[in-house]
Every structure is written in C-alpha cells, then in structure tokens.
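Asks: prediction below, plus the sequence it came from.
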2 protein chains.
Amino acid sequence: MTGSQSKAMATEGLMPEFRSGSALGENCRNQAEISCGNCRLSELCLPIGLKKSEIHQLDNIIERNRPLHKGDHLYRQNDAFSTVFAVRSGSFKTYVLTDSGVGRVTGFYLPGEIIGMDGIASHRYNCSAQSLEHSSICEIPFSQLEDLSQQLPVLQHQFFAMMGSEIAKDHQVHTLLSSYSAEQRIASFLLGLSARYARVSLSATRFVLPMRRGDIGEYLGLTLETVSRVLGLLQRKELIVVSNREITLLDLAALRMVVETDPSQPV
Amino acid sequence: MTGSQSKAMATEGLMPEFRSGSALGENCRNQAEISCGNCRLSELCLPIGLKKSEIHQLDNIIERNRPLHKGDHLYRQNDAFSTVFAVRSGSFKTYVLTDSGVGRVTGFYLPGEIIGMDGIASHRYNCSAQSLEHSSICEIPFSQLEDLSQQLPVLQHQFFAMMGSEIAKDHQVHTLLSSYSAEQRIASFLLGLSARYARVSLSATRFVLPMRRGDIGEYLGLTLETVSRVLGLLQRKELIVVSNREITLLDLAALRMVVETDPSQPV
DNA sequence: CGTAGTGTTGAATTGAATCAAGTGTCGTGG
DNA sequence: CCACGACACTTGATTCAATTCAACACTACG
C-alpha cells in the first residue's frame, strides 16, 4: 500500500541473509514453539506422509520469521531465487509488472499453499509476492529441500505432487481465461476460494475476501468495474450475498451451473 | 479423430517418411539405436547434467514406442496417470473438452518438452494429448522416474527444474491471456514458437505451424477468424510473411515491440 | 475431379472496457 | 471521539475490440 510498508519489508529481514539470530531483534516467544510437527496444516502441506523423525528433519531446514504485515513483500520480481514459502496463516498475491507499469496478479495463496515455485527453473523469481493481510509463512530453502528430498522419498514424492498440482491448477485457469465469460470466471473464482477455505477447515460458504476487486479483476482478466458489476448480478440472482468484502455463497450447485453452462447453448 | 487413428499406433512403421511441410517430423533412422545417450535432444531434455552411466540408467526405464500419426492420442482426459512423455520429434497439443463438448487447447509441445505433468498430483490426466503430425515420443513411467530420482540427485534436480519451468511458462500465459490484445497474443505466440524452434536448432525465423488456426485461437482465447485476421494484419505491417501454415518472421525486434507496447499508451 | 477440412474476408452484433461521477469505508491525527 | 482524506467500491453512459454470422476460396487427398 503505502511507501512506509514497503520500506518496512526491507528492514524486517525476510531475505536469506537475515536469518534468525539477526542483531536486529529476537523472534516472538511463542514462535519458537511452532513446528511442522504441531502445525495444524501438516496434513495438507509439505509434511504429508512423513514419519515423526522425518518431520523433525524437515523442521530443521525451515525458517519461521516474524509475521508479515499487509503490503509486505516476500520477494520481488527478478530477485535471485533461493527459497519457496509455505503460507502458514493469512494470504498473499503474486503479481508481475509490465514495462508500462501495469500490474497483473498471477495468483492468490492461502494457508497450506506454496509460493515461489515459478523461480525454480530460472533461479529468479518471475513475480513479486505480497502479503494481503497480517500473515505468517514458513521459509524453505530450496537447495536444502532438494537435499532432504534425496533422503526422504516421501518428501520428494510430495513436492513433485505439489508442483504437479500447481501445474494442473494453472491449466484450469488457462481454460477459464481463454473461454469463459465474466460471470463464469467470477463464479468459478468464488467456488475455488470456497474449496480452498474448506480445505483448511474454514467455512465453504461464508468468507472474507482478502483481496480488492481490482486484484480479482487482474487475476481473471477483467476490470474492477466488471468484477463489481458481476458480484452485484450474482447477488441479484440470489446466488451469493456480498457485503463489502464478506461473501456468502447461498447456492453452490447453482454457482457450478453458472460455470458449466455454456451461455451460447440454450438451456 | 477417428478410432482408426489410435489403432494406427499399433501398426508397424516403415520409418521415416519426410512429410512435406513438416519441419519437425523427421526421425532417426533406426529406432533400436535411439537412446538418451545418442539423442540430439539430450542437452535440453531430462538427461541434462547426467553422467554416461547415469544416462544409461535413465535409458533403462524409458519406453520408446512406434511413431504416432497425426491425430493419435497419447492419452485422454481422465485416463489414469502413470507416465510422462518427452517429445522426441513432431508436435502435440493438449486440450480439454467442456461439458458442452467445446474443446480448449491448453498447450503445444515441441521436441525436448515434457507432456503429462498435470496428472502427477491427481493421478489422472486432466487433459487429452494428441499428435499434430507424424511424431515420436519417449515414455517415462513416473513411479520409476521417482525411484531413479532418489538415486540420482541431478535427475531429481532436473525434473524439479522442468516442472518449475512449466509453472513459470503457465504464469506467463496467464498474464498474456488476462491483459493482452489479440495482436499482442499472436505476436507473443509466434515469438515463443520461434524461441522453441531455435532451442532445437531449427530456424527461429521461418517455420511451419503444426496446428490449425482454430487450435491457436483456442490456446490464446481468440476465435479462429481473429487469428486469421491478426496474422493478415502482421503481414500487412511487414512483420511476418504468412503462406498457409508457413510463417516467416521478418522483424523479431518489431514483434517484441508489439508485445511490449501497451496499446493504451501513446507511442 | 469432387469433397471435406481449413482458411480468409466482410458486415453486424455484443460483452466487457473505458470514461465519468458518485458513495461507502477505514485508518489517522487533531 | 470525531473529522478528514485516501482508498475502495458502485453505478451509469458510451465506446470499442473481438465475436458471431455468413459467404466464399484454397488445399490436400482419396
């Protein structure tokens, strides 16, 4: 948001050279207690399938930094790639800036999801990652993750699966963007969020959007005005209730119909 | 398209018919001799960085089938996932069918590229993969690839990198589809093909499109008429020459300008 | 030589963008 | 605690890029 927030990021030390033990200060007391072993997300994050002792090994390579504030960056476009991040709480967006300065949001990330995998091949982050609210993350140095994956077949398997999942999701989004109407995109977006919140044991039918209308628009290839209009339309159809950023899904089945129904086909 | 074409996969092949107009359709002489060790793509495919003996191990898990004909399928949407495929020659498209029967192309694959990674997480292929011309592939059983990656750190690293590369590419496409004009999309598409042909030592400025206008349109979120019109426009601007499926890029720099220039900004 | 698939081109239509006011919400400092 | 200002969002009028509809041309191949 404001300039002061981006400045805060520079001093807070999420970059690798600012590891815990930095002279700048100490971590929160309770942070030391957090580990994959007691994380409520461990069943849907990287540790899936790992044994207790293996989880401990994983824990040893993971850095847990102090919480991020809204607007803080995990990394920026073209930074050297070194780590991937698992969202522990809060939410993030990734975005790229075009030469003309216009940003386009490329993804939203909720707890249990991994950020930064697009940098693995090129050794640079291809986008910037920014916190949308008060959030916390686990920082996983990629080379260490690779080393550990050599020892733990299950971990290798799981990371392959998480990357495959990202690829599958991206292909779905491709289809969405290349052929769906504004209404279908928004409906699909809401259903996707719903499923992801449900996955982390939150309500599938009532949630608060962490992002602005404009962010949704950039992500879905629409303008913020269109996002606003379509949300209004869906509300008038009594499929959802919109109150500022709070969304209630009234009829999941009907929303799925909106997504699946080709508007050019007679119903 | 017809059932007889998938059957064709099983018929035996007199090897190399050089299909006119097909720059990528060429085959090595004798299939029995083909291995990663002598494959001209080994420097840009899975074996990158492997030692001789390691390449031999990789060779042992790879199946090399008879050539595929135009229209043959590697797999279909919802088939159980078991293997990933490396394109050895020719080209492929992946596509999904919507419930209403309309297809959308999700990707094109050229030699040295990997098909099927979107099935890793769900254990099902999420799209269908079809040959666009006379093609040949290497079939890599995924579970064996995982096992071997446990033994060969370089192989694990390389496969992580190839998946990361797919993710990065998908994010770029996301940006393309969500904010670029028809002209920008086509220009970017042509430049992308150019770079990929150059990667396999083919001409970066003159190539034959293996896909139809309609395929390009589905991939880029445009209609086939728009694809045709924009190709005509770029030709009138003397940036390219179009002759049926043969494309000549006259001015790469100018094409890049087309992609990068925000049409809403005054030039 | 004829047919089916593929590609081009033109005219009319339309969904979403753009332009343009507005209102609502929230954090901040007085 | 309230008033201010900056964002965030909504809504309406108009425009425009791309689609749709339609007709026709080309090519490839049995």
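Replies: Nice, I can see it. Numbering: from 1, shown residues only, chains lettered A, B, ... in the order given.
Asks: so what's the residue most central in space within chain A bridging to?
Replies: With the centre of chain A defined as its mean C-alpha position, the nearest residue by C-alpha atoms, centre = their mean is A:Tyr109, 0.7 Å away. As for beta bridges, A:Tyr109 partners with A:Phe92 under DSSP bridges.
Asks: in the stretch 51-200 of chain A, which spans are strands?
Replies: Applying DSSP state E, counting those that start in this stretch to the stretch 51-200 of chain A gives strands spanning A:63-64, A:73-75, A:83-89, A:92-97, A:103-109, A:114-115, A:128-131, A:136-141.
Asks: does anything pack onto the fifth one? Which helices or strands?
Replies: For strand A:103-109, the helices and strands in contact under the criterion 3 or more C-beta pairs under 8 Å, 6 or more residues apart in numbering or on different chains; DSSP states H and E are strand A:92-97, helix A:213-220, helix B:153-179. Where C-beta positions appear, they are placed from N, C-alpha and C, glycine not excepted.
Asks: that older thread, pLDDT wise, what is the residue nearest to the centre of chain A at?
Replies: For A:Tyr109, the model assigns a pLDDT of 97.
Asks: what residues are up against A:Asn126?
Replies: A:77, A:96, A:118-119, B:168, B:171-172 (C-beta atoms under 8 Å, 6 or more residues apart in numbering or on different chains).
Asks: neighbours around A:Thr106, how many?
Replies: As a burial measure, the neighbour count of A:Thr106 was computed by other C-beta atoms under 10 Å in any protein chain shown and equals 24.
Asks: likewise for A:Leu209?
Replies: Neighbour count for A:Leu209, taken as other C-beta under 10 Å: 20.
Asks: so which residues on the stretch 151-267 of chain A come close to DNA strand C?
Replies: Residues of the stretch 151-267 of chain A found near DNA strand C (C-beta under 7 Å from any atom of the strand) are A:181-183, A:217, A:221-223, A:225-226, A:244.
Asks: where does the stretch 151-267 of chain A have low pLDDT?
Replies: Segments of the stretch 151-267 of chain A classed as low confidence (criterion: pLDDT under 70) are A:262-267.
Asks: taking it, what residue is nearest to chain B?
Replies: Per C-beta to the nearest C-beta, the residue of the stretch 151-267 of chain A with the smallest distance to chain B is A:Gly164, at 2.9 Å.
Asks: quick check: residues of chain A near DNA strand D?
Replies: Along chain A, the residues adjacent to DNA strand D under the rule C-beta under 7 Å from any atom of the strand are A:1-2, A:209, A:212-214, A:224-225, A:227-229, A:231-232, A:242, A:244-245, A:264.
Asks: which residues touch A:Leu255?
Replies: With contacts defined as C-beta under 8 Å, 6+ apart, the neighbours of A:Leu255 are A:187, A:190-191, A:234, A:239-240, A:249.
Asks: at 10 Å what do you get?
Replies: Neighbour list for A:Leu255: A:186-188, A:190-191, A:194, A:234, A:237, A:239-240, A:249 [criterion: C-beta atoms under 10 Å, 6 or more residues apart in numbering or on different chains].
Asks: give the PyMOL command for selecting the buried subset of those.
Replies: Under the burial definition 16 or more other C-beta atoms under 10 Å in any protein chain shown, those of those that qualify are selected in PyMOL by:
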select buried, chain A and resi 186+187+188+190+191+194+234+239+240+249
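Asks: ok, back up a step: could you export the helices and strands packed on strand A:103-109 as TSV, including mean neighbour count?
Replies: Below are these laid out as TSV (neighbours: other C-beta atoms under 10 Å in any protein chain shown):
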stretch	mean neighbour count
strand A:92-97	20
helix A:213-220	22
helix B:153-179	21
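Asks: export these as TSV, with columns for distance to A:Ile62.
Replies: What follows is these, written out as TSV (distance: least, C-beta to C-beta, whole Å):
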stretch	distance to A:Ile62
strand A:92-97	17
helix A:213-220	28
helix B:153-179	18
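Asks: what about A:Ala80, distance to DNA strand C?
Replies: Distance, A:Ala80 to DNA strand C, by C-beta to the nearest atom of the strand, to the nearest Å: 32 Å.
Asks: coming back round to it: which among the strands of the stretch 51-200 of chain A is found nearest to DNA strand C?
Replies: Nearest of the strands of the stretch 51-200 of chain A to DNA strand C, taken as C-beta to the nearest atom of the strand: strand A:103-109 at 11.9 Å.
Asks: what about the closest one, near DNA strand C?
Replies: No. Contact check for strand A:103-109 against DNA strand C, using C-beta under 7 Å from any atom of the strand: none in range, with a minimum separation of 11.9 Å.
Asks: what angle separates that strand from helix A:153-179?
Replies: Computed with axes from the mean of the first three to the mean of the last three C-alpha atoms, to 10 degrees, the direction of strand A:103-109 lies at 140 degrees from that of helix A:153-179.
Asks: which ones are touching A:Leu224?
Replies: A:212-218.
Asks: would JSON lines of the residues you listed with distance to B:Gly103 be doable?
Replies: Rendered in JSON lines, the data for the contacts of A:Leu224 read as follows (distance: C-beta to C-beta, whole Å):
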{"residue": "A:Arg212", "distance to B:Gly103": "34"}
{"residue": "A:Arg213", "distance to B:Gly103": "32"}
{"residue": "A:Gly214", "distance to B:Gly103": "32"}
{"residue": "A:Asp215", "distance to B:Gly103": "30"}
{"residue": "A:Ile216", "distance to B:Gly103": "27"}
{"residue": "A:Gly217", "distance to B:Gly103": "27"}
{"residue": "A:Glu218", "distance to B:Gly103": "27"}
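Asks: ok, the residues you listed vs DNA strand C, which is closest?
Replies: When these are compared against DNA strand C (criterion: C-beta to the nearest atom of the strand), the nearest one is A:Gly217, at 6.9 Å.
Asks: what stretches of the stretch 1-150 of chain A score poorly on pLDDT?
Replies: In the stretch 1-150 of chain A, residues with pLDDT under 70: A:1-33, A:99-101.
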